[in-house]
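> Predicted model and sequence follow; I will ask about them next.
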Amino acid sequence: HKLLGILNIPSNQFDRPIVAIMCYGFNGDRVEQHRMSVTMARYFEKRGVNFCRFDFRNQGLSDGSFDDFVFSEKQEDIDKIIDYVKACFRKEDIGFYLIGFSNGCKVAIDVLVNNDNVDGIVLWNPILQELSEKSNDAGDSRRLYKHPITGKPYKRFYSLRLNSKLLRELNEDLSMTELK
């Protein structure tokens, strides 16, 4: 899968480069609402911090369709971004920090727990309760619909379509127990 992103690299680097990677929520992208990621990238760049903003697979301009999105692939995408940034700097000793926004906080937590390259996380407006049968306020939580083009089953959640693979993943997720 090809990921599309932007890496802001400041001219004034720390001896140990610091890289902030933005982890968006469900349907976020490398620009985000009100261009907040662009503003944040410029802020960090002026302070000597590299900033990576990208579209996860199945979102934005990266390969795939949102109808196929699952959280575990977002974790894999962050791992690939970290490997890519290491190759850009040709260094192993880089300070990686994840900024989780909304549901992206869950991704940041999962990557922190499973990737030794990550030094820390920032949780911004976290939504940590999963989309389960009990938390769906968008209507009949048991009903699945058939996608008009692909024919794949999905569950409605407000304006989003959650595929059956994502729903299974959410029901089996134990990552929040890592924080307790």
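Received the coordinates, thanks. Numbers count the residues shown, from 1 in each chain.
> what about the helices in this structure?
Per DSSP state H, the chain carries helices over the ranges 36-46, 71-89, 104-114, 164-172.
> Buried deepest among those, which one?
Of all the helices of the chain, helix 104-114 has the most neighbours on average by mean count of other Cβ atoms under 10 Å, namely a mean of 22. (C-beta placed from N, C-alpha, C; glycine too.)
> Run the angle between it and helix 71-89 for me.
Angle, helix 104-114 to helix 71-89, by axes from the mean of the first three to the mean of the last three Cα atoms, to 10 degrees: 70 degrees.
> what's the closest of the helices of the chain to Gly120?
With distances scored as Cβ to Cβ, the stretch of those nearest to Gly120 is helix 104-114 (7.5 Å).
> about what we covered before: adding mean pLDDT, write the helices of the chain out as CSV.
Formatted as CSV, the helices of the chain follow (pLDDT from 0 to 100):
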stretch, mean pLDDT
helix 36-46, 86
helix 71-89, 89
helix 104-114, 87
helix 164-172, 69
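> and those as JSON lines, adding distance to Val122?
Shown next, in JSON lines, are the helices of the chain (distance: least, Cβ to Cβ, whole Å):
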{"stretch": "helix 36-46", "distance to Val122": "11"}
{"stretch": "helix 71-89", "distance to Val122": "14"}
{"stretch": "helix 104-114", "distance to Val122": "8"}
{"stretch": "helix 164-172", "distance to Val122": "23"}
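> Just tell me which of the ones you listed ends up closest to Lys152.
For Lys152, the closest of these is helix 164-172, at 7.3 Å, according to Cβ to Cβ.
> Show me what Phe96 is bridged to.
Val19, Val118 (DSSP bridges).
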